[in-house]
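>>> pasting the sequence and the predicted coordinates here, then a few questions.
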Amino acid sequence: MKVTVVGAGVVGLTTAACLRSLGVEADVITRDAPEATTSAVAAALWFPYRALPADRVTAWSAASYDELSRLAGVAGVRMLAGTEVLDPGAPDPWWRDAVPDLRRTGGGLRFTAPVVDTSVHLPWLADRLRALGGRIAQRTVRSLDELDADAVVNCAGLGARELAGDSSLNAVRGQIVRVAAPGVTEWVVDQRDPERLVYVVPRERDVVLGGTAQEGDEDREPDAATTEAIRARCADMVPAVRDAPVVSVAVGLRPARPSVRLEAEGRVVHCYGHGGAGVTLAWGCAVEVAALLGAGGRALPSLAVK
């Protein structure tokens, strides 16, 4: 079987590499290089954000948690403890069964989660794909029908609006600030005010401060006032980042949808609409894509090659 995967974000690269590990001749065609995708901007903390339905997302998230934990120490993945801040009496998250060690504390929820440095992880996935015989070609796809393959996997993210004619797909603008703060060793998330998100996520090379969730805003240029507001909110929660030198500022457009679309339509398998949870869902979704293509069952060979 020859399969073309459209899109080189974390979902597309993971899917192609996993299919190759099963002996499927999967290659990637992408408009944007991996380092120019929304995945490259993500803080990439394992966290099921802006992705539904609850039952399928919980299952995909659990599978991804397991594989990312096996990759800890390589591929830009670390397992780090952290806290989601919650109001007293707030219920546990609907995805709690995907996390082995989630527990309540006075300030909210504590658990250990994979944190993925996408500046390392995306190149690692591309290298694994090539090592398994796969290729990545960069060009714009105008129609899925133009692709010469036995099957096509549509992992085009926001680009699926045009490729799949899906008007339910909506951009949610996320601006982040990367700072140098090596003393920060735990992550923290506070989404009690959805208009003023706070997250501090230490990666291998920097610490990501966020963020925003601006519905329908597709401006990819960073806003200086937003940068300062993000820094101030994060410093109030984690004082260690208050005077941290800024490494870079970036904007990504999350591909949000009422629910993740993962289904077969003729020779096409659609796999898009992951919202702010691409890293969180990528491995679990790859399992299901493989099953829909008749290439795998409920598990895939691990790519945790050290």
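Looks like it arrived, so ask away.
>>> where does the stretch 201-306 of the chain have low pLDDT?
296-306 (pLDDT under 70).
>>> change it to 90
When residues are selected by pLDDT under 90, those of the stretch 201-306 of the chain lie in 295-306.
>>> what segments of it are strands?
Per DSSP state E, counting those that start in this stretch, the stretch 201-306 of the chain carries strands over the ranges 207-210, 214-215, 246-256, 261-265, 268-272.
>>> the fourth one pairs with which strands, parallel or anti?
The strands that strand 261-265 pairs with in its sheet are strand 268-272 (antiparallel) (by DSSP bridges).
>>> quick check: closest non-adjacent residue to residue 20.
Sequence neighbours aside, residue 132 is the residue nearest to residue 20 in space, at 3.7 Å (criterion: Cβ to Cβ, 6 or more residues apart in numbering). Bear in mind the C-beta positions are built from the backbone N, C-alpha and C, glycine included.
>>> tabulate the strands of the stretch 201-306 of the chain (a markdown table), appending distance to residue 150 and mean neighbour count.
Output for the strands of the stretch 201-306 of the chain, formatted as a markdown table (distance: least, Cβ to Cβ, whole Å; neighbours: other Cβ atoms under 10 Å):
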| stretch | distance to residue 150 | mean neighbour count |
| --- | --- | --- |
| strand 207-210 | 39 | 26 |
| strand 214-215 | 38 | 15 |
| strand 246-256 | 26 | 20 |
| strand 261-265 | 13 | 15 |
| strand 268-272 | 11 | 25 |
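>>> which one of these lies nearest to residue 39?
Evaluated with Cβ to Cβ, those place strand 246-256 nearest to residue 39, the distance being 7.9 Å.
>>> quick one, helices of the stretch 1-150 of the chain?
Per DSSP state H, counting those that start in this stretch, the stretch 1-150 of the chain carries helices over the ranges 10-21, 54-70, 118-131.
>>> report the angle between the axes of the shortest one and helix 54-70?
Comparing the axes of helix 10-21 and helix 54-70 via axes from the mean of the first three to the mean of the last three Cα atoms, to 10 degrees yields an angle of 70 degrees.
>>> between the strands of the stretch 201-306 of the chain, which one is nearest to residue 163?
Among the strands of the stretch 201-306 of the chain, the nearest to residue 163 by Cβ to Cβ is strand 268-272 (8.8 Å).
>>> dump the C-alpha coordinates for that closest one into CSV.
C-alpha atoms of strand 268-272 as CSV (Å, rounded to 0.1, in the frame of the first residue of the first chain):
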residue,chain,number,x,y,z
VAL,A,268,-9.1,9.3,2.2
VAL,A,269,-8.7,9.1,5.9
HIS,A,270,-9.3,12.5,7.5
CYS,A,271,-7.3,13.2,10.6
TYR,A,272,-7.6,16.9,11.6
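>>> now it: how far from the chain's centre is it?
16 Å (Cα atoms, centre = their mean, to the nearest Å).
>>> picking that back up, hmm, the residue nearest to residue 20 is touching residue 19, no?
No - applying Cβ atoms under 8 Å, one finds residue 132 not in contact with residue 19, separated by 9.1 Å.
>>> those two: which has the busier surroundings?
A side-by-side neighbour count of residue 132 and residue 19, using other Cβ atoms under 10 Å, places residue 19 first with 28 against 19.
>>> list the residues that contact that one.
With contact taken as Cβ atoms under 8 Å, 6 or more residues apart in numbering, residue 19 is in contact with 3, 5, 26, 153, 286, 289, 290, 293, 295.
>>> so residue 112 touches residue 80, yeah?
Yes - if you go by Cβ under 8 Å, residue 112 and residue 80 touch, sitting 6.8 Å apart.
>>> Throw the strands of the stretch 201-306 of the chain into JSON lines and include distance to residue 173, thanks.
Formatted as JSON lines, these follow (distance: least, Cβ to Cβ, whole Å):
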{"stretch": "strand 207-210", "distance to residue 173": "11"}
{"stretch": "strand 214-215", "distance to residue 173": "4"}
{"stretch": "strand 246-256", "distance to residue 173": "6"}
{"stretch": "strand 261-265", "distance to residue 173": "21"}
{"stretch": "strand 268-272", "distance to residue 173": "18"}
